[in-house]
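Engineer: Provided below for reference: sequence and predicted model.
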Amino acid sequence: MKFFVDTADVAEIRELADTGLLEGVTTNPSLILKSGRDIMEVTKEICGLTDGPVSAEVTAMDYDGMMKEAAVLAKIADNVCIKLPLTMDGLKACKALTSAGHQTNVTLCFSAAQALMAAKAGATYISPFIGRLDDMGIDGMELIEDIRTIYDNYGYDTQILAASIRTVNHVKDSAIAGADVATIPPSTLKALVKHPLTDKGLEAFLADWAKTGQQIG
Ligand code: E4P
């Protein structure tokens with residue numbers, strides 16, 4: 001499973017990229033707003049921090065507008081992945097952009113039928129929003145499982161990008177369900193490494209080590 005980070009905060013991305021564990025970035029209009037930065041400038045900077053795909057979202061609602069915005073975004077860097085909404089115009093743009101050799105991420109997916117349509121449009125990634133479904137009392141993980149089954153049934157190459165991740169368990173359960181990628185908020189990504197027994201064990205080892213009076217090297 002690949003790990004993307006879901007943020008437009010350059011400092012957070014740089015810190016995670018330095019670990020060597022980051023394989024891509026996703027942004028959206030709300031995350032651009034939160035960053036307080038210009039979309040072109042911040043996306044260019046992010047693209048320089050990772051070799052992986054950086055999803056940048058179009059905001060036009062019609063096909064022609066989406067294609068115009070996609071052309072602008074694609075010029076930022078080779079690793080820009082064009083993010084498109086799950087609408088008929090978004091899927092039409094997805095088909096055209098994928099055919100022209102661009103990476104595409106179809107976003108705001110809330111049903112398996114929508115994911116099937118995105119695969120038929122040749123999307124590189126489909127983004128099912130787990131957290132927003134859970135927020136409504138609907139099991140977001142069932143959606144990942146259903147999409148995995150459908151894609152495997154027909155051999156679709158579209159990668160399942162688990163999105164709207166809120167918890168460590170969302171990441172774990174997405175991995176069990178066979179998602180190809182998880183896009184994770186920075187705080188949740190850092191929390192993945194944490195366990196109280198690791199901290200407790202480390203504390204005990206360090207205390208005993210100090211008593212030996214030894215040093216390595
Ligand atoms: C995915 O690409 C989206 O940017 C993101 O995961 C949405 O998450 P949210 O529901 O926490 O806004």
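Structural biologist: Noted; the coordinates are in hand.

Engineer: how many other residues sit next to Gly137?
Structural biologist: The number of residues packed near Gly137 is 6, by other C-beta atoms under 10 Å. To be clear about C-beta, it is placed using only N, CA and C from the backbone, and glycine gets the same treatment.

Engineer: need the per-residue pLDDT for it.
Structural biologist: On the pLDDT scale, Gly137 is placed at 97.

Engineer: what about it, distance to Ser111?
Structural biologist: Look at Gly137 and Ser111: by C-beta to C-beta, to the nearest Å, they are 16 Å apart.

Engineer: same deal with Leu143?
Structural biologist: Distance from Leu143 to Ser111, by C-beta to C-beta: 7 Å.

Engineer: more neighbours: those two, which one.
Structural biologist: Neighbours were counted for Leu143 and for Ser111 using other C-beta under 10 Å; Leu143 has more, 23 against 14.

Engineer: the more buried one contacts Gly131, correct?
Structural biologist: No. If you go by C-beta atoms under 8 Å, Leu143 and Gly131 don't touch, sitting 11.4 Å apart.

Engineer: report the buried residues of the helix ranked longest in the chain.
Structural biologist: As assigned by DSSP state H, the longest helix anywhere in the chain is helix 196-212. Judged by neighbour count (16 or more other C-beta atoms under 10 Å), helix 196-212 contains no buried residues.

Engineer: up against the ligand, what does the protein have?
Structural biologist: By C-beta under 6 Å from any ligand atom, the residues of the chain that approach the ligand are 6, 26, 28, 107, 127, 129, 131-132, 163-164, 183.

Engineer: now rank the residues you listed by neighbours and give me the top one.
Structural biologist: Neighbour-wise, the residues of the chain next to the ligand (other C-beta under 10 Å) top out at Ala163, 30 neighbours.

Engineer: bridging across strands, which residues link to that residue?
Structural biologist: Legend: beta-bridge partners of Ala163 under DSSP bridges are Phe129.

Engineer: and it, what does it touch?
Structural biologist: Residues in contact with Ala163, defined by C-beta atoms under 8 Å, 6 or more residues apart in numbering, are 6, 26, 107, 127-130, 183.

Engineer: from the chain's centroid, how far away is the longest helix of the chain?
Structural biologist: The gap between where helix 196-212 is centred and where its chain is centred comes out at 36 Å by C-alpha atoms, centre = their mean, to the nearest Å.

Engineer: show the average pLDDT along that helix.
Structural biologist: If you average the pLDDT over helix 196-212, you get 98.

Engineer: swap in stretch 165-180?
Structural biologist: According to the model, stretch 165-180 has a mean pLDDT of 98.

Engineer: chain center to it, what's the gap?
Structural biologist: Centroid separation for stretch 165-180 versus its chain: 12 Å, with C-alpha atoms, centre = their mean.

Engineer: same question for stretch 36-44.
Structural biologist: 18 Å.

Engineer: show residues contacting that stretch.
Structural biologist: 8, 10, 27, 32, 35, 54, 56, 72-73, 76-77, 80.
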